[in-house]
Each structure stands twice: as structure tokens, then as C-alpha cells.
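*Asks:* Using only what follows, build the 3D model:
(chains A and B)
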Amino acid sequence: MIALKNDRVTDEFVVIHPLFDEPELKRTGEDLGRMQMSKSVRISLLMLRGYLILMSLMLLFHLISQASTASHG
Amino acid sequence: MRKIIQKLACPRLNPVVDSAFANDVAMAAGMELREATPGKVVATQRKKNLLTFLMVLGPGLIVMEADNDAGAVSTYTQAGAQYGTHLLWVLVLLLPITYFIQEMVARLGIVTGQGHAAMIYRRFGRWWGNFSLIDLQIANFLTLVTEFAAISLAMNKLGVAPTIAVPLSAVGLVALVFTGSYLRWERIVIGLCLLDIAWFAMAAVCGPNWGQVASHSLVPNLPRGGMTVGLVYLAIALVGTTIAPWQLFFQQSCVADKRLRFADLKWARLDTLIGAIFTILVGGAMMLVGDAANRSHVHFDNPAQMAMDLLPHVGPFVKNALLLMMVNAAVLGTTTISLSSAWAYGEVQQWPHSLHKRFREAPGFYIVYAACVFAAAGLVLIPHAPLQLIIVGVQVLAGLMLPSAIIFLQLMLNDRELLGDEYVNKPWNNWVNWCIIGLLFALSLVLAAQVALPNLFPAT
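*Replies:* Coordinates of the predicted model:
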């Protein structure tokens, strides 16, 4: 649909919904590959691995103790 | 004159009219033709800001309010029933925490235009990507089971058999999404979110001591008995209920699906802030309803039973509203959690995965969503299904998953190579976020230590 604009200067603001706007160029990281393993990133991931191992061991301990309680009970 | 020229130029109304003819007419009238943008024209900057905000509003409000799901209803009402208003300050502390986390998610979604699962795969590799995805899918599925369990419980108290209520709600939830329109889904879900205003009415009818509510909200305090094992568990459950791993995946995917632009970031932040405040207020209202049970010496078993037992004390409005709001909470939780699973899986498999697409255009995405919903509903209908074990399992998985999800988020928000200087975290962002991560790690370790050393805290 064609819209009109007067020669006179008017204050008009056009608001476009994001779903209907022209797509933007985003920073998808497709061309970057994996994150660079700086010291802080390595330490963070190491901490995370340690935490997950500890929690998994705790959970296993809990399951074993629950199972032995159930078998004795 | 303007209207006549517009009608002439409109191809829908006049397909045979040459646009050059319309141009000639416009020139004769001293006007100029230009291509119309698919937008609304407003007269002032203020109206422009308001309209833009209303267009952006959605992902933040929905992700926050959907977190007040069946599990949250159970946890908050239990907290009120067992400890009165003594834990309201915990909710107030959680408000900035939940906002900071979700703001980072919204920012990452807007800048990358990608979902959280896709970014973890891309930046951290297949091992961490698979770990995050599998953990999410398991935790989400178990949570969905608890949602349908709540629907079954609440509708049973309202006189509707679970064998009718659960399948009907499953079908409704699938139909909600299968419209091929993101906007239609969003508007319906925002409507469901706003229904939670009923909690404020319920809290008011319960007649709490407002002076105590204010002081217990602002001043940290402990209930009589001090730090017991029950209190520790409940405090951890409160944190785990208010900040859930699926929220990170949901909001980022939702922001990407809604195609929010860089310029929308400030409105997305406002959307998230309003959502956070509303959610915490609703959570507080849930606690006040539980507080009514505490003051009436009603024993807490589950929220549905509490609703029945509160009937002689606060009347039928609270009883019926509580049961209906339990269903509403479960419906909200189910649609958002199932979508977070479907989006994450679609991103990783690189299938089309958008609510804009119809079923034929994105079959994998819709099948994953429907499979999550129907499988969880089916499990609840199995007689003697181990629902209590599932509820405990959800809490354990959430405890495992939340710190890892937050760490990936923190690392990506410091990824200058990806986000650039403009959108990467500022130093104060990092200080706050590492404190939050430290707190979450500490709470998870306390929970684990309690398992290993059951006498760590006194029982009563």
C-alpha cells in the first residue's frame, strides 16, 4: 500500500513490530567457532567439572545408602 | 483527498490501477508518494516509546510469571504454611538476582539472534552442548510431570476426574501452540499471566498482618526454632523455584523467535524488570495464602488439600480461586517449559523451529513439543506412578543444572569476540554475577552436604 507524505514538515513516528521489520544482521558467532580458552574460561570450566563430579558422587552415595536402608528395613 | 489517493493506490482495493496514475494524482494535489512501511504512525515520541514497549513486551513477563508454576505454588504456600511471613525477605532478595540473570539472557538473545542451546554448542563444543541439552530435556520432562500432577490434583478437588482433566488440558496446551502464529500464542499466554492478579485478591481476603508483612519483607529474620534442616531445604527450594534453568533457554529462544532488534534492548530490559517484580509480588501473595493456613493451624500436605482445609477459615472464594490458579500456574509452566525443550532441540538439530511456522513447515519442532506434553500427561495417569520421587528428582536436577547453566551464560556475556565492546558485561555486571554464581554453588553444596551428613542441621 502506498502512503502519502505532505511537503509540509510534520512530526510523525513510524513504529514497526519486530516481527514485521527488516531482519537485522546479528552476531551469531557462526564464523568464530569455539570460544578461546583463556585462563578464566579454563578455570571456570574446571570448577564446573569439579562441582558436577562432587554432586554426582554425593547423589550416588545417597542412592546407595537409601538402597541399603531399604534392603535392611 | 488523502483518502481518495490512498484508495486509488492500494493494490488490494484497486488491482488494475496503475501506481503511476496514482502518482500523477498525488503530484497534482501537491503531495508525494512513498512506499508504506508495515508499521503504525504516531504523532509524539512518548506514544512511539509506549507503542514500541508494548510491541516488545512479552518474553520477559512470560518467562518470569511462568516460573510461578505448580512447583512454585507448592513451595511458596508451603513456606507460608510452615513459617508464616518469616521468609518473605528471601523473595525480596531474589528479585534483583532473577532480574540480573534474565537481563543477561535477553541481551544475549537480542545480540546473537540465537537460542541458548545453539550458542553453548557453538562456543563450547559438542560435549558441553550435549550435557546442557540432555540435562535440560530430563529436568524439563520431570517438571512437566509435576505440572500435570498439579492439574490432576486441583481439578480432582474441583470435581473433575483426572482422566478427563489431564488429557483435555494436554490437548488444549498443544492446540495453543499449533496456530502457526507467534503473536497469537504470546497474547494468550500474557492473558494467562495476568490472571495471576487473582493471587493478590486471595491474599487480601486472607487478612494478613500487613505490618508484619512489611517488616518481614524488609528485615531478614528467622522463624522460631532457628536454622533447622526443614528451613534450609525450604530456603534452597525457594531459590531453585525462583531461578530455574529452563528460564535461560526459554527467554533467549523466545527473544530470538520474536526477532527483537538491538534497539529493543532497553524495552526488553523493562519487560524483564516488570516481569520480575510481578512474579515476586505474586510469589509473596502465595506465601500470604499459606500464612493463612499457618494462623489457622491447618496442616500443610499439598496446596490443593490446603485449599480444602482453609474453606471454613477464609471462605469459598479462596478455596476455588486457589485451585483454579494452581491449574493456571501448571498450564503456564507446561507451555513455556515444553517450548524451551522444543526450541533447544530444534536449534541443536538445526531443524526449522519457530512459532511463526505452521506444522508442515516445522514438523520436528511441533512434534517435540507435543511429545513432551503428551508423555508427561500420560505418566501422571499411570496408577501408582512414583510422583514423589519425580518431585524430588526435579529438585536434585535443578540443583545440578542451575550453576552450570549460569556459568555458561556468564562466560558468553564476557565473550568480547562474539558480542563486541557494546554488549559485553561491564565490570559491575561481573561482580554481581559471580556473587550470584557463588551463592548458587554454596546452596547446592549445602544441600549435598545435608545428604552426606544428615545431622548437619537440627531437625526441629
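
*Asks:* Now do the contacts for the residue sitting nearest the centre point of chain B.
*Replies:* The residue lying closest to the centre of chain B (C-alpha atoms, centre = their mean) is B:Val63, at 2.5 Å. By C-beta atoms under 8 Å, 6 or more residues apart in numbering or on different chains, B:Val63 lies in contact with B:102, B:247, B:250-251, B:254, B:272, B:275, B:336. C-betas here are computed from N, CA, C, even on glycine.

*Asks:* Need the distance between the two termini of stretch B:290-309.
*Replies:* End-to-end distance for stretch B:290-309: 11 Å, by C-alpha to C-alpha, to the nearest Å.

*Asks:* If we go by neighbour counts, what in it is buried?
*Replies:* B:290-295, B:298, B:300, B:302-304, B:306-307, B:309 (16 or more other C-beta atoms under 10 Å in any protein chain shown).

*Asks:* With respect to chain A, which of the residues you listed is nearest?
*Replies:* B:Asn302 (22.8 Å; C-beta to the nearest C-beta).

*Asks:* Could you tell me which residues make contact with the residue in the stretch 51-200 of chain B that chain A sits nearest to?
*Replies:* Nearest residue of the stretch 51-200 of chain B to chain A (C-beta to the nearest C-beta) works out as B:Gly113 at 3.4 Å. If you count contacts by C-beta under 8 Å, 6+ apart, B:Gly113 has them with A:24, A:26, A:28, B:256, B:259.

*Asks:* Now with 6 Å, please.
*Replies:* Under the criterion of C-beta atoms under 6 Å, 6 or more residues apart in numbering or on different chains, the contact list for B:Gly113 reads A:26, B:256.

*Asks:* Which pair of the contacts of B:Val63 spans the longest distance?
*Replies:* Taking C-beta to C-beta, the two most distant members of the contacts of B:Val63 are B:Thr272 and B:Thr336; they sit 14.5 Å apart.

*Asks:* Of the two, which one has the most company?
*Replies:* B:Thr272 (27 against 23; other C-beta atoms under 10 Å in any protein chain shown).

*Asks:* Now that one: which helix or strand?
*Replies:* Using DSSP states H and E, B:Thr272 maps to helix B:265-295.

*Asks:* Please tell me how far the residue nearest to the centre of chain B sits from B:Gln82.
*Replies:* The gap separating B:Val63 from B:Gln82 is 28 Å, by C-beta to C-beta, to the nearest Å.

*Asks:* Kindly indicate whether the residue positioned nearest the centre of chain A is helix, strand or coil.
*Replies:* Centroid-nearest residue in chain A, with C-alpha atoms, centre = their mean: A:Thr28, separated by 12.5 Å. Classification of A:Thr28 by DSSP: H, G, I helix; E, B strand; the rest coil places it in coil.

*Asks:* who touches it in this structure?
*Replies:* Counted by C-beta under 6 Å, 6+ apart, A:Thr28 has contacts B:112, B:114.

*Asks:* Kindly report the same for B:Leu288.
*Replies:* Listed by C-beta under 6 Å, 6+ apart, the contact set of B:Leu288 reads B:203, B:206, B:208.

*Asks:* ok, 10 Å please
*Replies:* When contacts are counted by C-beta atoms under 10 Å, 6 or more residues apart in numbering or on different chains, B:Leu288 touches B:76-77, B:80, B:84-85, B:88, B:199-200, B:202-204, B:206-210, B:213, B:294.

*Asks:* Could you do B:Thr335 as well?
*Replies:* B:62, B:66, B:147, B:172-174, B:176-177, B:185, B:188-189, B:192, B:369, B:373.
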